[in-house]
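1. fold the following, please.
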Amino acid sequence: MGSKAEWVLAPAQTMHRKDARVQKNGCGALMNLADGNEANQVKIAWSGGVEAILAAITAHSNNTKVQESGCLALKNLKANKANKEK
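-> Numbering: from 1, shown residues only. Okay, the predicted model is just below:
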């Protein structure tokens, strides 16, 4: 990933924890960035992405859209063996 998108998304999700739309979109962006891209998977996981996703799905446990995008993001991150430690 040439940009620092993953470094921006996790803090934005932290700043707007109560906004389900921000959480859904943030998880969705992380999901797309991690999809099939091993370098992004590692960068996202090790720059606070996993924690941001977990916080989103915990804070919005009744919101199916946040749950779906968060779980799919975690699935994409888990595809990389280096992230199994996270």
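2. so where do the helices sit in this structure?
-> 5-15, 20-34, 38-46, 49-59, 64-78 (DSSP state H).
3. let me know which of the ones you listed is tucked in deepest.
-> Scoring those by mean neighbour count under mean count of other CB atoms under 10 Å gives helix 20-34 as the most buried, with a mean of 21. Every residue, glycine included, has its C-beta placed from N, CA and C.
4. packing partners for that helix?
-> helix 5-15, helix 38-46, helix 49-59, helix 64-78 (3 or more CB pairs under 8 Å, 6 or more residues apart in numbering; DSSP states H and E).
5. could you dump it to PDB, C-alpha only?
-> Output in PDB follows, covering the C-alpha atoms of helix 20-34 (Å, rounded to 0.1, in the frame of the first residue of the first chain):
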ATOM      1  CA  ALA A  20     -22.100   3.100  13.200                       C
ATOM      2  CA  ARG A  21     -21.800   4.500   9.700                       C
ATOM      3  CA  VAL A  22     -18.200   5.500  10.200                       C
ATOM      4  CA  GLN A  23     -17.500   2.100  11.800                       C
ATOM      5  CA  LYS A  24     -19.100   0.200   8.900                       C
ATOM      6  CA  ASN A  25     -17.300   2.200   6.300                       C
ATOM      7  CA  GLY A  26     -14.000   2.000   8.100                       C
ATOM      8  CA  CYS A  27     -14.200  -1.800   8.500                       C
ATOM      9  CA  GLY A  28     -15.300  -2.000   4.800                       C
ATOM     10  CA  ALA A  29     -12.300   0.000   3.700                       C
ATOM     11  CA  LEU A  30      -9.900  -2.100   5.800                       C
ATOM     12  CA  MET A  31     -11.600  -5.200   4.400                       C
ATOM     13  CA  ASN A  32     -11.100  -4.000   0.800                       C
ATOM     14  CA  LEU A  33      -7.500  -3.000   1.400                       C
ATOM     15  CA  ALA A  34      -6.700  -6.400   2.900                       C
END
